[in-house]
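Asks: what follows is a predicted structure for the sequence shown.
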Amino acid sequence: MKRSRILVLSVVGAVAAALGAVWLAPAAYAAGATASFVKTSDWGSGWEGKYTITNAGTGTVNGWSLTFDLPAGTTVGTYWDALLTSSGQRYTFTNRSWNGTIAPGASVSFGFLGSGPGVPTNCQLNGVACGGGITPTTPPPTTPPPTTPPPTTPPPVTGLPKHILTGYWHNFDNPAVELRLRDVPTEYDLVAVAFADATGTPGAVGFAVDPGLSASLGGYTDAEFSADVRTLQSRGKKVIISVGGETGRVAVNDAASAVAFADSVYALIQRYGFDGVDVDLENGLNPTYMAQALRSLRAKVGSGLIIAMAPQTIDMQNPASSYFKLALDIKDILTVVNTQFYNSGAMLGCDNNAAYAQGTVNFIVALACVQLEAGLRPDQVGLGLPAGPGAAGGGIVAPSVVNAAMDCLTRGTNCGSFRPPRTYPGLRGAMTWSVNWDVTHNNNFARTVAPHLRTLP
């Protein structure tokens, strides 16, 4: 997110090409690698399976491909931590970019849901017999698992609708329309206040109504702002404090700064009544200590804390990168990741074989697919787009394009040439930068996208 009129991030084709090298890993056999299968649950009509690939040899495994057969009447549904191709009843799983290299003595795993009574047979790992066996099943659960990879804990209960529209509210003065918080249009479910800023203490953040904004509005005090937070909440909305932005210099790089971050955000929540926090650090992020800070904050606030993120597209290309790793590391307490699908140039999608141009349905769907296939739950993925001219330097689309992307991801309809490997009915929704820019353009984004969200499955 940016505080200036135009946000610019130029990513040239060479970067996209380099990212392609990150995603693709050739299969290579290393002696001593084996794979074993286990049913982690079985409910009669279906089951959840897990393969663990172990490198018991002395050389490194650089890429893997595991193939097996299923009997007629048994199929694979949702899967995770691998890529899948199939031909008839023969299924082939290959590594993702982050789990293709297996050091001696190490192991990786992937999982999937099976429908029907059969189990894998004729397993081969990189063209050689897997060498593992089928481990006895665990007792059947009382209900089938969800259609997406099961989280370690249920999604946090935040009081938000199933599908939400998020918008950023400017606590600064720029060419967009200035607004008091209470004047945010009713279409927005989640309002992120931009921004809390760094203080003199590493990791700590502070917030107050910007003097320039107050002057433009003819006076706007902290007390009035706090009252406006409560006004929005009385309308059933949620208000969170966003940390960072383009010029933000918040740094959480050690245990002490993690404590300072958690304590200072908690103080803002107590003072202004915020429902949570949004992490929008565009100048570097340490996933280890930010995760520590967010877990500490949640321990203070409770399970209702909303935790959002607004990474740039390049931050969500590889699960090993800092932002993506943070999202996966706190998946059990994370509410939503609203990636900024703009100001990015061409990027690789989850099919690994094309650089999609920003400003298209293909770009939005193919890049959202990266997150959905790499382990985030659909309810944790939101589509971030600019509200119109002036809000971004590139990637501006008509709101109808946002609706088409959501249809493609949730229903498999209105897609471009790229189609995701499956649908994600639980997709959380959309985000826009910003409420102010949207109001500048007659609230066109919210009036188009918000009603469509209510029609999603």
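Replies: Cool, the structure landed.
Asks: what's the helix or strand for the residue of the chain positioned farthest from its centre?
Replies: Here the centre of the chain is the reference, and by C-alpha atoms, centre = their mean the most remote residue is residue 218, at 38.7 Å. Using DSSP states H and E, residue 218 maps to neither a helix nor a strand.
Asks: quickly list the domain ranges of the protein.
Replies: Domains of the chain are assigned by automatic domain parsing as 13-21+154-453, 33-135.
Asks: which stretch in the ones you listed has the least confidence?
Replies: Of all the domains of the chain, domain 33-135 carries the lowest average pLDDT, namely a mean of 87.
Asks: what's the most buried one of the domains of the chain?
Replies: domain 13-21+154-453 (a mean of 20; mean count of other C-beta atoms under 10 Å). Quick note: C-beta positions are derived from backbone N, CA and C, even for glycine.
Asks: okay, helices next: where are they in the protein?
Replies: 13-23, 211-216, 222-234, 255-272, 287-301, 322-329, 361-373, 399-411, 435-440, 444-453 (DSSP state H).
Asks: residue 126: which of those is closest?
Replies: Residue 126 lies closest to helix 13-23 among these, at 19.3 Å (C-beta to C-beta).
Asks: hmm, back to that, show the backbone phi and psi for the residue farthest from the centre of the chain.
Replies: phi 70, psi 30 (degrees, to the nearest 10).
Asks: distance of it from residue 57?
Replies: Here the criterion is C-beta to C-beta, to the nearest Å. By it, residue 218 lies 73 Å from residue 57.
Asks: same check on residue 449?
Replies: Distance from residue 449 to residue 57, by C-beta to C-beta: 53 Å.
Asks: contacting residues around residue 50?
Replies: 37, 38, 39, 40, 109, 110, 111 (C-beta atoms under 8 Å, 6 or more residues apart in numbering).
Asks: doesn't residue 125 make contact with the first one?
Replies: Right, residue 37. No: using C-beta atoms under 8 Å as the test, residue 37 is too far from residue 125 to be in contact (11.1 Å).
Asks: pretty sure residue 355 is touching residue 346, no?
Replies: Yes: in this structure, residue 355 is within contact of residue 346 by C-beta under 8 Å, at 4.0 Å.
Asks: roughly how far is stretch 197-213 from the heart of the chain?
Replies: Chain-centre distance of stretch 197-213: 27 Å, with C-alpha atoms, centre = their mean, to the nearest Å.
Asks: may I have that stretch as PDB, with CA atoms only?
Replies: Only the C-alpha atoms of stretch 197-213 are listed here, as PDB (Å, rounded to 0.1, in the frame of the first residue of the first chain):
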ATOM      1  CA  ASP A 197       4.100   4.000  12.200                       C
ATOM      2  CA  ALA A 198       7.400   3.100  13.700                       C
ATOM      3  CA  THR A 199       8.500   4.900  16.900                       C
ATOM      4  CA  GLY A 200      11.900   5.300  18.400                       C
ATOM      5  CA  THR A 201      11.800   1.800  20.000                       C
ATOM      6  CA  PRO A 202      12.700  -1.000  17.600                       C
ATOM      7  CA  GLY A 203       9.500  -2.900  16.800                       C
ATOM      8  CA  ALA A 204       7.100  -0.600  18.500                       C
ATOM      9  CA  VAL A 205       4.400   1.300  16.600                       C
ATOM     10  CA  GLY A 206       2.300   4.300  17.300                       C
ATOM     11  CA  PHE A 207      -0.800   5.900  15.900                       C
ATOM     12  CA  ALA A 208      -2.600   9.300  16.000                       C
ATOM     13  CA  VAL A 209      -4.900  11.200  13.600                       C
ATOM     14  CA  ASP A 210      -2.700  12.800  11.000                       C
ATOM     15  CA  PRO A 211      -2.600  16.600  11.500                       C
ATOM     16  CA  GLY A 212      -2.800  17.200   7.700                       C
ATOM     17  CA  LEU A 213      -5.900  15.000   7.500                       C
END
